[in-house]
Each structure stands twice: as C-alpha cells, then as structure tokens.
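[1] structure for the following, please:
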Amino acid sequence: MVMGRGLAGIYSLSDKLQSITGWKRYAIAAGLGGLSATAFAPLFLIPLLIPAFVGLLWLWKGAETPKKAAFIGWAFGTGYFSVGLYWVGAAFLVNTARHAWLMPFAILALAAGMGLFHLLVGYAMGRLKFRGVERVLAFTAIWLLIEWLRSWIFTGFPWNLIGSVWTFSDHMLQFASLTGVWGLSVLSLLVASAASVLFEDKNLPFSEMKRRVAFVLVVLCMPLVIWGYGAFRLSAASTGAEAFVDNIKMRLVQPNIPQEDKWKPDLRGEHIVTQMQLSAREGFKDITHVIWAETAVPFLLSGDKELRSVVSRVVPPSGYLITGAPRVEELSVDGGVERSFRNSMHVLDRRGEIVDTYDKFHLVPFGEYVPLKSWLPFLKKMTAGSSDFTPGEGLRTVSVPGLPAMSMLICYEIIFPGAVAKSSGRPDWILNSTNDGWFGITSGPYQHFGMAQLRAVEEGLPVIRVANTGISASIDPYGRVVKSLGLGEKGIVDTGLPKKVSGKTLFSIIGNFSVLILIALLLLPLVIRRKNGGRP
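    Modelled structure (predicted):
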C-alpha cells in the first residue's frame, strides 16, 4: 500500500514537471541546476544529482519546442554555474573600493554565459525524439560533447566537469587513468538520469518496462564495477620508501598571506621574510628543494640582484629554490622600448642566480588580461598593475639539477585534461604553483585541488602543489594525498617526490580522443536498435 502510494506520487511529480509552463518551468530548472552543483567539492552531495537530472529530463520531455527546451537547458546551466562558481565573487572583495560593486553582476554574467553551453544541450534534446533508455544515452552523449567543447573553446574553462564529483574517492578516481575525467562524467550522468526512464511514461508495455528496469539496474551497478577496478589498481601500487624518488626532500611553503595584503607596499618585504622563516624551519638541513607559490615574491625578482642575494639564503646548499614572481621583458620595437609582463616561476641557485624560468601561457581572462580590450576599454584585470600579462611560449618540460624532469604549471593551467604534460620529452612529475588567496575560504580552492588529483591519475604522474593560502600537498600518481596543509593554514609540507607509474596510462596515450570513443559507445545502442527496427 505504502509503496503503491509512493510510486503514484513519483508518477504525479513526473506529470507535473512535464506539464508545467511559463516562468515556473525555468525557475525550477535553475533550482535543479543549483541543486546538482552541490555534488562538487567540498560538499560532495552526489545523491542530489539524481533528483536534479531526473527533474531536468522530465522538464525537457514536456517542452513543446526545441526553443523552449533550449531555455530550460540555459536556466539549468545558469543555476549550475551560479552555485558551482559562486566563489569567483570573493575575488571582487579583495579590492572592495574598486571591484565590490561588480560582484553580483559578474557572478550572474559568468553563470548566464557559461549556461549557454547547456542551452545547446537543451536545444539538441528538444530536436531529438528519443524516448526511455535511448533518450538517456543521447543526453549523456550530448552533455559529454558540450563539456569537451567548453574545455577548449574561447581558451577553455573546464571547471567542474561533472566527472569531478568523484574526487573524494581514491578508488573511483582510478577510472580516469583509462578515460580521463570524461569517463567519470559519463558515469555521473548515467547514474543521475537513469531513473527518469521508469516514471516518465504511464501504461508502458511490460516488455518495455522490463527493459527499462534492467537498464537502471545495470547503471546502478556501474559505480561498484568502477570502484572494484580502482581497488585492483591501487592494490598494485608501490608503498613505503620504494614509492618515492631517492635523495629528494622538498619543502613546500604556504605563508597564508591574505590577497588584500599581498601587494601593499609596506608589507611586501615582510611577506618575503615570512616565507624565508618558514623555509628555514627545523629540518632545513635535510631539504634538497624549497618551493614557494605563484607570485610568492611580490617584486620583479629577475631584475633585482640584491633581493635574489637575500632570498638565496634559504636555497638548500646542494639544491634550489623554485618560486613564483612577476617579471618584465623589455624589447626594442621601432626605435622604442616595449615592455611585456609575465607571470613566472624562477629556479634560483645558492648564488642567487636564476638558472631557469617558466612563463605562464594559459592566462586567466579578466584576471590576467582583458579579452577584446579594444571593445571593453572600461574593464580592468583583477591582478595588480594596469597592464595585461603576456602569455609564455607554451607547455614545456623543465629540467632542474637534482630533480627528474617536470611539467611546470601555474595556477589554473592544471585544470585542462590532456594538456598538462608534453608527449615528447615527457616529464616524470608535475609542479603546480598557485595562489588561491583570491577566493578565500570558499569551495573554489577545494575544487581546484580536486582537478590536480584528476590530472595525476590521468597522466600517471605525481603532482606537487604549492599554494599561498592552501591547499598545498604532495599527490601521488594515483591521485592520493601523501601529505597536505589545509586551506587557510600557515606552515610547511616536507615531502619526498612520489615516483610516476611504470609505463603510461591509457589516457596519457589517447588523450581527449577518449571523448569520441565514449560518445561512440553511448550512441552504438541507438544505432543498433534503430537498425533492428526498434522505436527511438
């Protein structure tokens, strides 16, 4: 009796969502989008994906035209990104006098703009006439395609790909070694939307209902299978001293300097002293390499020999200091001098000499440069200084004496799947130096950290992450946190360098081609069923 009433209630809810019209439809879609974003770090409320995506599919089923389906998708996407990216607003509070008034407009504009990707998903769903199982498979394939599109178009912003909801589980993450985050996205979408097929239509033939129930059961078993694969892969991982590279001990320095204080003229020298004191803490004699965060030195270090001499006091006797700092290049152009500003990482030796420099090449729009500046002259970048930064030459493998070859990435360069390590001259590890101080104690730094874990698993390479305000950590090539210092804490992390996995991961070989493979696998049942005369 109780079960019958429960089923009747679900059928009634499905009917209501399919029949609702007007602004209420779009408001519900936006609410469902916001609900789905709670599955990301640090909340990881993954079960809420099910009502969010089931509700979305029912709303789409009731859409009278592709145009209305598109706006349902856009509303869902706006809610999804409003909640998932709310933390961006914290950056506008660093300089309240200059930027605070922009915060609500910026968050809404960002969410609405990113929501256009989901508008495309909605339009495609409105055009298609699939039902039941085939509809879920088509939806998953379309969403995956659009996620891949937003990972590179307009320089790309693959933040909060739906597969990243699994970063809390070392076992689930291992699937990324085969498919990248994309396979985890497929898993998330199937699990979240499968139940929609059971209640979207009444009076289904028994054979069709049986088929749909079987589909849901298979989908719900998928996380168990993937977890089992992860357990098997982790069981073969090296442990103890043999899991680390010999004779390397790094000190990661996390000074926890508030962003609003970072560039104040009367405090910049104090910030250097703070980081030097942290670097020289007990155990320094055993350290081979000291690593500071992105723009840890708030001066033009490359052009200041005296400052380099001072900072070199915390360079280990037989090692190096790797630190972030802005730098400027002056080039002669048409008889004049043209200056370009770079966001850089320097490798400093014991003599205070810079032996190598890496320039960030994937710059943050509106953070480090203003796109379409000639059209938007009233907009200024968020970072210090009035001039835009100039991008570096691109991804490269950096060699530092005493260390295996590394891929050096600054800030959000770590968020791009398949684009963090060169295939030729492949590195043995990844160094990610960042300053998440812009975003305070919000969900943003947690989400950023989870993407570093994903890149480690995808590439089979350890990630050493150094952040001004956290989270600084040593991450092994299986995405497991070896040692870390939490968000908003001040201190150091002393860690060895985990070894990379033996051989290459499948994803490191095929890269983002895995997206096409996954889409083909999702669409194959639709092709077979249509070929056999089945209804779409």
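[2] give me the number of residues near E134?
    21 (other Cβ atoms under 10 Å). Just so you know, the C-beta spots here come from the backbone N, C-alpha and C atoms, and that holds for glycine as well.
[3] so which elements touch the strand or helix carrying it?
    For E134, the host element (DSSP states H and E) is helix 132-150. Applying 3 or more Cβ pairs under 8 Å, 6 or more residues apart in numbering; DSSP states H and E, one finds that helix 132-150 makes contact with helix 49-61, helix 103-127, helix 181-193, helix 196-199, helix 206-235, helix 513-531.
[4] redo that, cut-off 7 Å
    Under the contact criterion of 3 or more Cβ pairs under 7 Å, 6 or more residues apart in numbering; DSSP states H and E, helix 132-150 touches helix 103-127, helix 181-193, helix 196-199, helix 206-235, helix 513-531.
[5] for this structure, just list every one of the strands.
    Taking DSSP state E as the criterion, the chain contains strands spanning 250-254, 289-291, 320-333, 336-348, 354-359, 397-398, 406-410, 429-434, 463-467, 472-475, 481-485, 491-495.
[6] out of those, flag the one nearest G511.
    strand 406-410 (14.4 Å; Cβ to Cβ).
[7] in terms of secondary structure, what does the closest one contact?
    Helices and strands touching strand 406-410, by 3+ Cβ pairs under 7 Å, 6+ apart, are strand 336-348, strand 397-398, strand 429-434.
[8] remind me what the shortest one packs against, helices and strands.
    So the one you mean is strand 397-398. Applying 3+ Cβ pairs under 7 Å, 6+ apart, we find strand 397-398 packed against strand 406-410.
[9] quick one: distance of the strand it packs on to the chain centre.
    Relative to its chain's centre, strand 406-410 lies at 16 Å (Cα atoms, centre = their mean, to the nearest Å).
[10] ok, for F53, nearest residue in space, not its chain neighbours?
    Nearest non-adjacent residue to F53, counting by Cβ to Cβ, 6 or more residues apart in numbering: A192, 3.9 Å away.
[11] distance of N203 from Q275?
    Taking Cβ to Cβ, to the nearest Å as the measure, N203 falls 69 Å from Q275.
[12] please read the previous query as pertaining to R480.
    R480 is 28 Å from Q275, by Cβ to Cβ.
[13] could you do P47 as well?
    Taking Cβ to Cβ, one finds P47 at 42 Å from Q275.
[14] and if you look at A27?
    Distance of A27 to Q275, given as Cβ to Cβ: 49 Å.
[15] cool, and E329?
    In terms of Cβ to Cβ, E329 sits 25 Å off from Q275.
[16] more neighbours, those two?
    Remark: of E329 and Q275, Q275 carries more neighbours, 25 against 12, as counted by other Cβ under 10 Å.
[17] was I right about that one contacting A296?
    Yes - checked against Cβ atoms under 7 Å, the pair Q275 and A296 is within contact range at 6.0 Å.
[18] hmm, back to that, nearest to G367, out of the helices and strands packed on helix 132-150?
    helix 103-127 (11.5 Å).
[19] residues contacting that closest one, please?
    Helix 103-127 has contacts (Cβ atoms under 7 Å, 6 or more residues apart in numbering) with 60, 63, 65-66, 68-74, 76-78, 80-82, 85-86, 88-89, 92-93, 139, 142-143, 146, 149-150.
[20] hmm, back to that, can you put the helices and strands packed on helix 132-150 in JSON lines and add distance to V347?
    Listed next are these as JSON lines, based on distance: least, Cβ to Cβ, whole Å:
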{"stretch": "helix 103-127", "distance to V347": "35"}
{"stretch": "helix 181-193", "distance to V347": "30"}
{"stretch": "helix 196-199", "distance to V347": "53"}
{"stretch": "helix 206-235", "distance to V347": "33"}
{"stretch": "helix 513-531", "distance to V347": "34"}
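[21] reformat these as TSV; add distance to G55, mean pLDDT and mean neighbour count.
    Shown next, in TSV, are the helices and strands packed on helix 132-150 (distance: least, Cβ to Cβ, whole Å; pLDDT from 0 to 100; neighbours: other Cβ atoms under 10 Å):
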stretch	distance to G55	mean pLDDT	mean neighbour count
helix 103-127	14	93	19
helix 181-193	10	98	24
helix 196-199	8	89	22
helix 206-235	16	95	14
helix 513-531	21	90	15
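[22] which of the ones you listed sits closest to L35?
    Once Cβ to Cβ is applied to the helices and strands packed on helix 132-150, the stretch that comes out nearest is helix 181-193, at 10.9 Å.
[23] that closest one versus helix 206-235: what angle between them?
    Angle of helix 181-193 versus helix 206-235, following axes from the mean of the first three to the mean of the last three Cα atoms, to 10 degrees, is 140 degrees.
[24] residues in contact with helix 181-193?
    If you take Cβ under 7 Å, 6+ apart as the criterion, helix 181-193 is touched by 49-50, 52-54, 57, 136, 139-140, 143-144, 147, 161-166, 175-176, 219-220, 222-223, 226, 417, 454, 514-515, 518.
[25] and these, which are buried?
    49-50, 52-54, 57, 136, 139-140, 143-144, 147, 161-166, 175-176, 219, 223, 226, 417, 454, 514-515, 518 (16 or more other Cβ atoms under 10 Å).
[26] in ChimeraX, how would I select just the buried ones from the contacts of helix 103-127?
    Buried members of these, defined by 16+ other Cβ under 10 Å, are picked up in ChimeraX with:
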select :60,63,68,69,70,71,72,73,74,76,77,78,80,81,82,85,86,88,89,92,139,142,143,146,150
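[27] let's see the pLDDT reported for A296.
    pLDDT, A296: 95.
[28] 33 is where my numbering starts, stick with that
    Fine by me, first position is 33 from now on; the one you just mentioned is A328.
[29] isn't it up against L353?
    No - counting by Cβ under 7 Å, A328 stays clear of L353, with 9.7 Å between them.
[30] where's N235 relative to R243, distance?
    Taking Cβ to Cβ, one finds N235 at 15 Å from R243.
[31] same check, this time on Q50
    Applying Cβ to Cβ to Q50 and R243 gives a distance of 21 Å.
[32] so, low pLDDT: which residues of the stretch 333-482 of the chain?
    Residues of the stretch 333-482 of the chain that meet the criterion pLDDT under 70 lie in 364-369, 404-418.
[33] ok, now with 90
    For the stretch 333-482 of the chain, the stretches with pLDDT under 90 are 335, 349-350, 361-372, 394-426, 433-434, 444, 455-457, 469-470.
[34] which parts of stretch 47-65 are buried?
    Under 16+ other Cβ under 10 Å, the buried positions of stretch 47-65 are 49-50, 52, 57-58, 60-65.
[35] mind checking which of these land in helices?
    Applying DSSP state H to the buried residues of stretch 47-65, the entries found in helices are 49-50, 57-58, 60-65.
[36] just the closest of these to I560, please.
    Checking those one by one against I560 (Cβ to Cβ), the nearest turns out to be Q50, at 28.1 Å.
[37] tell me who's in contact with that closest one.
    90, 93-94.
[38] if you rank those by neighbours, which is first?
    W90 (22 neighbours).
[39] and the residue nearest to it when sequence neighbours are not counted, what pLDDT?
    Distances taken as Cβ to Cβ, 6+ apart put L49 closest to W90, at 4.1 Å, once the chain neighbours are dropped. On pLDDT, L49 comes in at 83.
[40] try the one 10 residues further on
    pLDDT, A59: 96.
[41] and it, how far from F103?
    12 Å.
[42] same thing with L493?
    Distance from L493 to F103, by Cβ to Cβ: 42 Å.
[43] related to what we said a few turns ago, which among the helices and strands packed on helix 164-182 is found nearest to H378?
    That would be helix 213-225 among the helices and strands packed on helix 164-182, by Cβ to Cβ, at 31.2 Å.
[44] now the closest one, how far from the chain's geometric center?
    The answer for helix 213-225 is 16 Å, by Cα atoms, centre = their mean.
[45] what of stretch 221-230?
    From the chain centre to the centre of stretch 221-230 is a distance of 25 Å (Cα atoms, centre = their mean).
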